[in-house]
Every structure is written in C-alpha cells, then in structure tokens.
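Q: Turn this into a structure:
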Amino acid sequence: MLDQQKTIVKATLPALKVHGEEITRYFYQEMLGAHPELRSMFNASDQADGTQAKRLAGAILAYAGNIDRLDLLGTAVNQIARSHVRVHVQADQYPIVGKYLLIAIKSVLGEAATPEVLEAWGAAYGQLAEIMISIEKGMYAEAAAVAAD
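A: Residues are numbered from 1 along each chain as shown. Below is the predicted model of the structure:
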C-alpha cells in the first residue's frame, strides 16, 4: 500500500465517523442480498438490530485510524480472525467482501468517494484481507494439526 493511499484513507476518517454505520448497513444489505449463502456466517439478531453493522464500522474506523501503525491492532485482528475461523470464512470470500465494501462507500459517500478514494480503500482492504487470510490460514492449520493428533 502506497503512503499516498494511506494518507487518503486517513483523510476519510471524518466521513467514516459520520457515515460508518450507514456504509456498513448498506454493505451487509447488498452483499447478503447478492450472496445469501453468506448469511449463516452472521448472527441474525446482530444483523437485525444493527449490532453487526456498528461493530464493523468500529473495526473499519480503527483500521483506518491506525493504517500506519497496524501493530496496535494485533489483539483485535486476532480476535476477528478467531471469529472468522469459527464460522469457516475462506480466503476466496474476501474479494466478495471487498467488492461490496467499495460499493457501499461509493453509494453512501457519493461524489466524495472519488476514484482516488476508492482506489485507496481498495488497496487498504486488500492489505487487510492479506493479513486476515494469513492469520486465519495459520489458525486453520493449527486446528487441523490438533484434530490429526
């Protein structure tokens, strides 16, 4: 991820603070509408009452605010990865999430979601997806090794 893209992501923090939950609600609506097979990965009551959208908005804000200090997010990232492994998130699902996150950002922020903003967020999401996939791969391997014993 380029330093310029990190700067752009950090510059979107004020808009994300105001519109974060709206973005994540739209994200879940669109993604789960297009990919109903993913619904079972989410707690239905957390989806219905907005808890899931609020939690994701908070995670996105934390990531954006610490994009140049990701080491500060280690505990949270590991907790999210454990949660993903519990519901069997797979590496090939990350591009789906990225696609709908960018769609939601564009839809909610409108003209403020310039091509540069979307490109920066695409790179930011790609970086985070790589981190999550790597951690989860290790967790899956560890679980398989334990199961084999």
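Q: I'd guessed Asn66 sits against Ala76; true?
A: No - at 9.5 Å, Asn66 does not count as touching Ala76 under the criterion of CB atoms under 8 Å. For glycine as for every other residue, the C-beta is placed from the backbone atoms N, C-alpha and C.
Q: Quick one: residues in contact with stretch 135-147.
A: When contacts are defined by CB atoms under 8 Å, 6 or more residues apart in numbering, stretch 135-147 is touched by residues Val77, Asn78, Ala81, Arg82, His84, Val85, Val89, Ala91.
Q: Now the buried members of those residues.
A: Buried members of the contacts of stretch 135-147, scored by 16 or more other CB atoms under 10 Å, are Val77, Ala81, His84, Val85, Val89.
Q: Next, the contact list for the first one, please.
A: This means Val77. With contacts defined as CB under 8 Å, 6+ apart, the neighbours of Val77 are Leu70, Ile131, Met132, Ile135.
Q: Distance of it relative to Ala62?
A: For Val77, the distance to Ala62 equals 10 Å [CB to CB, to the nearest Å].
Q: quick one: average confidence on the longest helix anywhere in the chain?
A: Counting by DSSP state H, the longest helix found in the chain is helix 115-148. For helix 115-148, the mean per-residue pLDDT is 94.
Q: How about stretch 87-96?
A: Rounded mean pLDDT across stretch 87-96 is 96.
Q: switch to numbering from 412
A: Sounds good: first residue 412 from here, last item stretch 498-507.
Q: related to what we said a few turns ago, farthest pair in the contacts of stretch 546-558?
A: Asn489 and Ala502 (17.3 Å; CB to CB).
Q: sec struct for Val500, please.
A: coil (DSSP: H, G, I helix; E, B strand; the rest coil).
Q: What about Thr423? Give its phi and psi, please.
A: phi -90, psi 0 (degrees, to the nearest 10).
Q: What are the buried residues along the longest helix of the chain?
A: Of all the residues in helix 526-559, those buried under the rule 16+ other CB under 10 Å are 528-529, 531-536, 538-540, 543-544, 546-547, 550-551.
Q: ok so, going back, which single one of the contacts of Val488 is nearest to Ala455?
A: For those, the nearest to Ala455 is Met543 (23.1 Å; CB to CB).
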